[in-house]
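>>> Predicted model, plus sequence, below.
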Amino acid sequence: MPVPFTHWPDEAAARYRQKGYWLDLPLTDILTRHADSDATAVIDGERHVSYRQLHQAADNLAAQLQRQGLKQGETALVQLGNVVEFYITLFALLRLGVAPVNALFSHQRSELNAYALQIEPAVLIADRDHPLFADDAFLNTFVEEHRSVRQVLLRHDHGDHALETAIAQPATGFVATPTPADEVAFFQLSGGSTGTPKLIPRTHNDYYYSIRRSNEICHFDAQTRYLCALPAAHNYPLSSPGALGVFLAGGCVVLASDPSATLCFPLIERHQINVTALVPPAVSLWLQAISEGGSHVSLRSLRLLQVGGARLSATLAARIPAEIGCQLQQVFGMAEGLVNYTRLDDPPERIFNTQGCPMSPDDEVWVADEHGNPLPQGEVGRLMTRGPYTFRGYYRSPEHNAQAFDANGFYSSGDLISIDEAGYITVQGREKDQINRGGEKIAAEEIENLLLRHASVIHAALVSMEDSLLGEKSCAYLVVTAPLRAVAVRRFLREQGVAEFKLPDRVACVDALPLTPVGKVDKKKLRQWLAERPLT
């Protein structure tokens, strides 16, 4: 049985096929088209993996999983970092027709359990290098609580669960069974503004088009040498054009475990990297490293730096070509679909001051007021969009979908934008109760609900506060029955299994939270408190 999801209307699907957006090819075509190539596909430390080897490894793993009973239409939960096994596993599952959720390596117990509850995975693939899987305590509990899991594979395991052993087994007699191109290929993760992480079903057709069109705009080709320093599972470094765009073009992906200048500058020089993607905080750190004496020599090969994930200030944008010495491309996209790019031939003022324009001629984007009515050009309001690669509904979330989509199938992303006369978008902020901490999205409700589990906490509110490096940080306002220090709050949340980036940067205990006239917590007032009385 295929994974259930909200399909595009028949009329729209027919139009997207007629216009050549949807080719009815599986995403595995990205790799199989290069199956006989000995060109290097991935560099992971000292490991250089060719396209032929990557294809064979993916088929080996797929065959082993198939022999163990995994079949088309089932789901998988995967948590691997920036290692070549991430791509091997992704292509193996796609070859089998098994739809994975690719959890970020920063995710902890809370997130993994939430994803498993939603998809009921048949297989768990993870890494012994992650603290959760360093021993079997969490693993045993996880498998006990999620009875759908029949198979477990772990990278760097030395026993029966070894992922490397499964990859090394020959794919004797393997026959690929990818899902139909208009069905779910895998799930992307939504930053979300609600307590439960939402899953985004992406089909082969819509995702493949997004990658192909991104390559056209960004000029990726066989000479592209791309440094993947952001989390490999993120939509941005996966498909905008990201690693999948590089593989489609026949180029080379070089993996880095983090975007620090200390790690990335030598990799850029050693492997003659010409493209990479960062979020604004990493850009700031790169510029700081250069100003403190970091050599330009190691960056001479870099011709294009993509920046996305959070709003990039015009001041910071202008420093990139001047100080790093490469072209800047702003990227404003979302795991739900819509991707906007500044074009490589745009004038500098447009590249520095906007977040680009939609990449597809059939991206329909407009700005709505609070009642859902269209606003005139240049005015700020809610982003509304639909198109050939923008999804039509979150997975098994009918109530949320009723709020996120209008009657005509336009998706409201929660971003506040304006659109100029040329169709270029400027991001003005967020409508949803969500904090964008350096590109990592924090749902305030999720953390508030966890804080309320603490015996001393009566009320809790998490709000954003401006930060020059990360764009936003988080502040937790608490009403408590006994004094509570920030270190104790963070320790408590860690014990709940929350990812590190979601921990409050500041904690303030107050006598009462301000309320709106209808009795809701007045977060606008809380942010005003922060502006008037910044916490030290």
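Arrived safely, thanks for sending. Numbering: from 1, shown residues only.

>>> Not counting residues beside it along the chain, what's closest to the residue most central in space within the chain?
For the chain, the residue nearest the mean C-alpha position is H234 (2.8 Å; Cα atoms, centre = their mean). In this structure, H234 finds its nearest non-sequential neighbour in L104, 7.2 Å apart by Cβ to Cβ, 6 or more residues apart in numbering. In this view, the C-beta of every residue, glycine as well, is placed from N, C-alpha and C.

>>> just to revisit the earlier point, isn't the residue nearest to the centre of the chain up against S106?
No: H234 sits out of contact with S106 when judged by Cβ atoms under 8 Å, with a separation of 10.5 Å.

>>> ok, how many other residues are close to A444?
If you count neighbours by other Cβ atoms under 10 Å, A444 ends up with 23.

>>> Ok, the one 5 residues further on next?
Residue neighbour count, defined by other Cβ under 10 Å, stands at 15 for N449.

>>> What is the helix or strand encompassing it packed up against?
Using DSSP states H and E, N449 maps to helix 444-451. Using 3 or more Cβ pairs under 8 Å, 6 or more residues apart in numbering; DSSP states H and E as the contact test, the elements touching helix 444-451 are strand 457-467, strand 471-480, helix 486-495.

>>> hmm, try it at 6 Å
strand 457-467 (3 or more Cβ pairs under 6 Å, 6 or more residues apart in numbering; DSSP states H and E).

>>> The strand it packs on pairs with which strands?
strand 471-480 (antiparallel) (DSSP bridges).

>>> tilt between the partner strand and helix 444-451?
Interaxial angle of strand 471-480 relative to helix 444-451 (axes from the mean of the first three to the mean of the last three Cα atoms, to 10 degrees): 40 degrees.

>>> Next, the angle from strand 471-480 to helix 486-495.
100 degrees.

>>> residues making contact with strand 471-480?
310, 435-437, 442, 456-465, 467, 504-510, 526 (Cβ atoms under 6 Å, 6 or more residues apart in numbering).

>>> ditto for stretch 230-240
Residues contacting stretch 230-240 (Cβ under 6 Å, 6+ apart): 82, 86, 102, 104, 188, 210-211, 214, 228, 244, 277, 308-309, 331, 333, 335, 339.

>>> Just the residues you listed: which are in helices?
Those of the contacts of stretch 230-240 mapping onto helices are 86, 210-211, 214, 244, per DSSP state H.

>>> with the residues you listed in mind, which one is nearest to I290?
For the ones in helices among the contacts of stretch 230-240, the closest approach to I290 (Cβ to Cβ) belongs to S214, at 28.0 Å.

>>> Identify the residue nearest the closest one in space, chain neighbours excluded?
If the residues on either side of it in the chain are set aside, S214 comes closest to P241, at 3.8 Å by Cβ to Cβ, 6+ apart.

>>> That neighbour touches R213, doesn't it?
No: between P241 and R213 there is no contact under Cβ atoms under 6 Å: 8.8 Å.

>>> Of the two, which one has the most company?
Between P241 and R213, counted using other Cβ under 10 Å, the more crowded position is P241 (32 against 21).

>>> Not counting its own residues, what contacts the lengthiest helix in the chain?
Across the chain, the longest stretch assigned as helix under DSSP H is helix 51-67. Here helix 51-67 makes contact (Cβ under 6 Å, 6+ apart) with 31, 34-35, 37-39, 41, 88, 91-92, 95-96, 166-167, 169, 171, 174.

>>> now stretch 489-507
Contacts of stretch 489-507 (Cβ under 6 Å, 6+ apart): 106-110, 437, 440, 442, 447, 450, 454, 473-476, 486, 535.

>>> give me that answer again for 8 Å
Residues from elsewhere that reach stretch 489-507 (Cβ atoms under 8 Å, 6 or more residues apart in numbering): 104, 106-111, 113, 437-438, 440, 442, 446-447, 450-451, 453-454, 462, 465, 467, 473-476, 478, 484-486, 535.

>>> I'd like to know which elements the strand or helix carrying F247 is packed against.
Using DSSP H and E, F247 sits within helix 242-249. Packing contacts for helix 242-249, counted by 3+ Cβ pairs under 8 Å, 6+ apart, involve helix 29-32, helix 204-218, strand 225-228, helix 235-239, strand 252-255.

>>> out of those, nearest to G409?
helix 204-218 (13.7 Å).

>>> Run the angle between that closest one and helix 242-249 for me.
Using the same axes, to 10 degrees: helix 204-218 against helix 242-249 is 80 degrees.

>>> buried stuff in stretch 155-174?
155, 157, 161-163, 166-167, 171, 174 (16 or more other Cβ atoms under 10 Å).

>>> cool, stretch 9-17 as well?
Result for stretch 9-17 [16+ other Cβ under 10 Å]: buried residues 12-13, 16.

>>> Same check on stretch 133-143?
133, 138-139, 142-143.

>>> before we move on, what about stretch 62-71?
62-66, 70.

>>> Counting neighbours, what do you get for the closest residue to L484 other than its chain neighbours?
Closest residue to L484 in three dimensions, ignoring its sequence neighbours and counting by Cβ to Cβ, 6+ apart: S456, at 5.4 Å. S456: 15 surrounding residues under other Cβ under 10 Å.

>>> for D406, same thing?
14.
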